[in-house]
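Engineer: sequence plus predicted model, see below.
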Amino acid sequence: MIIEIDGAYHFTEEQKKEDAIRERRLAKMGFSILRFKNEEVLFSPHQVVEKIKELL
């Protein structure tokens, strides 16, 4: 599992496309990706940890 924390630039159309390409490549290698927004990590860290625990 890969955990990524996305800043504002991840929500631009160009970056969304690049992220999708990267995710497909990683999925082919057997990885899953879990994404969180910066705000989630900064303001709700306990919820982030719980989500990670659930998926593990």
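Structural biologist: Yep, that arrived.

Engineer: can we go C-alpha only for contacts and neighbour counts from here?
Structural biologist: OK.

Engineer: ok, for the residue nearest the centre of the chain, nearest residue in space, not its chain neighbours?
Structural biologist: Nearest to the mean C-alpha position of the chain, counting by Cα atoms, centre = their mean, stands Arg35 at 1.7 Å. Among residues not flanking Arg35 along the chain, Glu4 sits closest, at 4.8 Å (Cα to Cα, 6 or more residues apart in numbering).

Engineer: report how many residues lie close to the one you found.
Structural biologist: 12 (other Cα atoms under 10 Å).

Engineer: doesn't it lie inside a strand?
Structural biologist: Yes: according to DSSP: H, G, I helix; E, B strand; the rest coil, Glu4 belongs to a strand.

Engineer: that one touches Phe36, doesn't it?
Structural biologist: Yes: in terms of Cα atoms under 8 Å, Glu4 counts as a neighbour of Phe36; the distance is 6.3 Å.

Engineer: helix or strand: which one has the residue nearest to the centre of the chain?
Structural biologist: strand 33-37 (DSSP states H and E).

Engineer: how far off centre is that strand?
Structural biologist: Remark: strand 33-37 is offset 2 Å from the chain centroid, using Cα atoms, centre = their mean, to the nearest Å.

Engineer: before we move on, what about stretch 3-12?
Structural biologist: Between the centre of stretch 3-12 and the centre of its chain there are 8 Å (Cα atoms, centre = their mean).
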